[in-house]
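Engineer: What shape does this take:
(chains A and B)
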Amino acid sequence: MAPVVALGRATVSAVAGVGYAGMLLYESLYIAVFGWRVGQPLRVRSVFEQMRQIGVDALPIVILLALTIGIMLGIQFIAAMADFGAQSQVVVAVAKSVTREFGALITAILVAGRSGSALAARIGSMQVSQEVDALATMGIEPVRYLAAPALLGMIVMLPALTILADTVAIVGAALYCSPQLNVTPAAYLLQTLSLLTTGDVYQGVAKSFVFAVLITLIGVSTGFSVSGGAEGVGRATTRSVVLSICYIIIADAIFSFFLNR
Amino acid sequence: MNAPVPLIEVEKLEAWYGRRRILHGVDFQVNAGEIRVIMGGSGSGKSTLLRHLLGLHKPRSGSVRLLGVDIGQASEREMLDVRKQIGVSFQGGALLTSLSVGDNVALPLREHTTQDENTIRIMSRLKLEVVNLGGFHDLMPSQLSGGMIKRAALARAIVMDPKLLFFDEPSAGLDPVVSAELDELILRLRDALRMTIVVVTHELESAFKIADTITVLDQGNILMTGTVDAVRHAENERIQDLLNRRPREIQVDADAYLKRLTEEEA
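Structural biologist: Numbering: from 1, shown residues only, chains lettered A, B, ... in the order given. Coordinates of the predicted model:
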């Protein structure tokens, strides 16, 4: 019986987790729109603060990684296409794979590691030291103070970072591929622009919007459910990163399946 | 004189953690202007009672009324109005570590009032002066000692001039001098600001010094509520155990003991 019991318990706790995350999403959005009516106004200042932490502070690392991924894709596609003598197809292959897939995915994984874990750690340690209780007793709804600004900041900044990553990755590919293809980087980029459709870019941006919600909800809900002191905070941080990346990849697969059939 | 108005009324409050019952139908009242100490050993349910009084847990059965509002039934708006009139100083201070001491104290004012920044600054510094932390507003909580953190937390708790102040374990983890100073501070707050104060503690000395009335809690039951003298001279054996630091004699029920040892689903 033990495995069945364990399975049942795991299922119940998973369903409870999803329910809790859904409630957080609803409450955050409700407070963002109607909070001022119930005396819990969302502070624009704290949303901007979160946007800075999630977006602006991540710029150097996003640019570096996107550039590297772009160059790497260029190398791989050139090598693979050369076998068929179809090097000129590299431009379209890079353009589509970056905008539809890699830009959004890499950015989301990076932000999950940087900001999702930071959210879990911050809220978790506040939970442990009773700061969350203190906020509640001061009449400051913890969801309003901690979750809603992060959600809005993430929803704005992750798609923005994704578009940036798309651009930088394509530039990276252009830098490596244009000498191989005997064109100038500018010509490579112009060809990319003529081959890309808005649908390609939308696909990545739509994904990143969903990833943003996933990363925030997982980070915030694991943070709020921390128990067991410093060790619990550490566990929650790890858990938030692992869970976020799993959900991001699963969501990505589902998206790709339905959008490309 | 008018009959004293109860600021806190608890009726038949029960609390459970899973299958364990923590509070067994607690009845409890605190009148305006008094300092009530809730006393009890570890595991007596005093922290659970406090969490219910603060509205952090909704009562499973029974009711908790704060300032006349039943917090089990209250709407968000009513709850917010109640919370603006209570102050809480947590055991570990619970200052927000990302904000300076001054910003911590000013936080309730910034969130709940429309005062301009100058007024808020002056009001929060005034409260820091009250707790003898004048000039420390620029420090971060991590730069403060244990006693200073408690006093800063107290300043934050009283910054909105609450009618009702809760204080969780004021002397836990402090040296005797600092904890005596905190006791003085609590007495002064009641006299100067006319607050009703509820203190949860297991420190006998400080309890006897500050209390008007004491409620003794043991294993989820209220043993007695009375004046300091009444509690000192209580006949109840458990109370005397607590007062005289006698280890309790635990009666072992053989069947229950065996069951606890062998049961799979504890």
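Engineer: which phi and psi does residue B:138 have?
Structural biologist: Main-chain torsions, residue B:138, degrees, to the nearest 10: phi -90, psi -10.
Engineer: swap in residue B:221?
Structural biologist: Dihedral angles (degrees, to the nearest 10) for residue B:221: phi -120, psi 150.
Engineer: How about the secondary structure of the nearest residue to it once chain neighbours are set aside?
Structural biologist: Once flanking residues are discounted, residue B:221 sits nearest to residue B:24: 5.2 Å by CB to CB, 6 or more residues apart in numbering or on different chains. (C-beta placed from N, C-alpha, C; glycine too.) Secondary structure state of residue B:24, per DSSP: H, G, I helix; E, B strand; the rest coil, is strand.
Engineer: ok, residue B:24 - contacts?
Structural biologist: Taking CB atoms under 8 Å, 6 or more residues apart in numbering or on different chains as the criterion, residue B:24 is in contact with B:14, B:219-221.
Engineer: Those: which two are farthest apart?
Structural biologist: Maximum pairwise distance in these, criterion CB to CB, is 13.5 Å, between B:14 and B:219.
Engineer: how close does residue A:165 sit to chain B?
Structural biologist: Using CB to the nearest CB, to the nearest Å, we find residue A:165 at a distance of 29 Å from chain B.
Engineer: Output stretch A:242-261 as CSV - backbone C-alpha positions only.
Structural biologist: Provided in CSV are the C-alpha atoms of stretch A:242-261 (Å, rounded to 0.1, in the frame of the first residue of the first chain):
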residue,chain,number,x,y,z
VAL,A,242,14.1,23.3,-10.7
LEU,A,243,10.3,23.6,-10.8
SER,A,244,10.4,26.8,-12.9
ILE,A,245,12.8,25.2,-15.5
CYS,A,246,10.7,22.0,-15.7
TYR,A,247,7.4,24.0,-16.2
ILE,A,248,9.1,26.3,-18.7
ILE,A,249,10.3,23.4,-20.8
ILE,A,250,7.0,21.6,-20.6
ALA,A,251,5.0,24.7,-21.5
ASP,A,252,7.4,25.4,-24.3
ALA,A,253,6.9,21.9,-25.7
ILE,A,254,3.1,22.3,-25.5
PHE,A,255,3.3,25.7,-27.2
SER,A,256,5.6,24.5,-30.0
PHE,A,257,3.3,21.5,-30.6
PHE,A,258,0.2,23.6,-31.0
LEU,A,259,1.7,26.6,-32.8
ASN,A,260,3.6,24.6,-35.5
ARG,A,261,1.2,21.9,-36.6
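Engineer: can you pull the buried residues of it?
Structural biologist: Under the neighbour-count criterion of 16 or more other CB atoms under 10 Å in any protein chain shown, stretch A:242-261 has A:243-245, A:247-248, A:251-252, A:255 buried.
Engineer: Count the residues that sit near the closest residue to residue B:212 other than its chain neighbours.
Structural biologist: Using CB to CB, 6+ apart and skipping residues adjacent in sequence, the residue nearest residue B:212 is residue B:34, 4.4 Å away. Applying other CB atoms under 10 Å in any protein chain shown, we find 15 residues neighbouring residue B:34.
Engineer: for residue B:34, what are its contacts?
Structural biologist: Per CB under 8 Å, 6+ apart, neighbours of residue B:34: B:4, B:196-197, B:212-213.
Engineer: Closest one of those to residue B:50?
Structural biologist: Looking across these and measuring by CB to CB, the closest to residue B:50 is residue B:197, at 12.9 Å.
Engineer: any idea which helix or strand carries that closest one?
Structural biologist: Using DSSP states H and E, residue B:197 falls within strand B:196-201.
Engineer: mean confidence score for that strand?
Structural biologist: Mean per-residue pLDDT for strand B:196-201: 91.
Engineer: same deal with stretch B:90-100?
Structural biologist: If you average the pLDDT over stretch B:90-100, you get 91.
Engineer: Go through that stretch and flag the buried ones.
Structural biologist: Buried residues in stretch B:90-100, defined by neighbour count with 16+ other CB under 10 Å: B:90-96, B:100.
Engineer: which residues touch the worst-scoring helix or strand of chain B on mean pLDDT?
Structural biologist: The weakest-scoring helix or strand in chain B, judged by mean pLDDT, DSSP states H and E, is helix B:237-243 (a mean of 80). Applying CB under 8 Å, 6+ apart, the set of residues contacting helix B:237-243 from outside is B:39-41, B:204, B:216, B:218, B:223-224, B:231-232, B:234, B:246-248.
Engineer: still on that earlier bit, tell me the helices and strands packed up against the strand holding residue B:197.
Structural biologist: If you count contacts as 3 or more CB pairs under 8 Å, 6 or more residues apart in numbering or on different chains; DSSP states H and E, strand B:196-201 packs onto strand B:20-31, strand B:35-39, helix B:46-53, strand B:164-168, helix B:176-193, helix B:204-210.
Engineer: can you list the residues of the stretch 1-150 of chain A near chain B?
Structural biologist: Neighbours of chain B within the stretch 1-150 of chain A, by CB under 8 Å from any CB of the partner chain: A:38-40, A:122, A:125-126, A:129-131, A:133-140.
Engineer: Distance of the residue nearest to residue B:212 relative to chain A?
Structural biologist: Per CB to the nearest CB, residue B:34 is found 21 Å from chain A.
Engineer: Check the contacts of helix B:237-243 for the minimum pLDDT and say which it is.
Structural biologist: In this model, the minimum pLDDT among those belongs to residue B:248 (69).
Engineer: Flag every residue of chain B that's near chain A.
Structural biologist: Residues of chain B lying close to chain A by CB under 8 Å from any CB are B:51, B:54-56, B:76-77, B:79-80, B:83-84, B:86, B:88, B:90-92, B:94-98, B:107-108, B:111-112, B:156.
Engineer: Throw the buried residues of stretch B:90-100 into a markdown table and include distance to residue B:134 and secondary structure, thanks.
Structural biologist: Shown next, in a markdown table, are the buried residues of stretch B:90-100 (distance: CB to CB, whole Å; DSSP: H, G, I helix; E, B strand; the rest coil):
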| residue | distance to residue B:134 | secondary structure |
| --- | --- | --- |
| B:90 | 23 | strand |
| B:91 | 24 | coil |
| B:92 | 23 | coil |
| B:93 | 18 | strand |
| B:94 | 22 | coil |
| B:95 | 17 | coil |
| B:96 | 21 | coil |
| B:100 | 15 | coil |
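Engineer: hmm, back to that, buried among the contacts of residue B:34? Make that a ChimeraX selection.
Structural biologist: In ChimeraX, this line selects whichever of the contacts of residue B:34 come out buried by 16+ other CB under 10 Å:
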select /B:196,197,212,213
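Engineer: Among the contacts of residue B:34, list the two that are farthest apart in space.
Structural biologist: B:4 and B:197 (14.7 Å).
Engineer: Name all residues that make contact with residue A:191.
Structural biologist: A:91, A:183.
Engineer: mind showing which ranges of chain B have poor pLDDT?
Structural biologist: For chain B, the stretches flagged by pLDDT under 70 are B:1-5, B:248-249, B:265-266.
Engineer: what's the domain layout of it?
Structural biologist: Chain B breaks down by automatic domain parsing into domains covering B:6-85+B:162-262, B:101-160.
Engineer: Need the winner for burial among those.
Structural biologist: Comparing the domains of chain B by mean neighbour count (mean count of other CB atoms under 10 Å in any protein chain shown), domain B:101-160 ranks first with a mean of 19.
Engineer: Would you mind measuring the gap between the ends of that one?
Structural biologist: This stretch, domain B:101-160, spans 16 Å end to end (CA to CA, to the nearest Å).
Engineer: again, but for stretch B:84-102
Structural biologist: End to end - CA to CA - stretch B:84-102 spans 19 Å.
Engineer: for the stretch 51-200 of chain A, what spans make up the helices?
Structural biologist: In the stretch 51-200 of chain A, the helices defined using DSSP state H, counting those that start in this stretch lie at A:59-82, A:90-97, A:103-111, A:117-128, A:131-137, A:142, A:148-181, A:185-195, A:198-224.
Engineer: Done for today, thanks.
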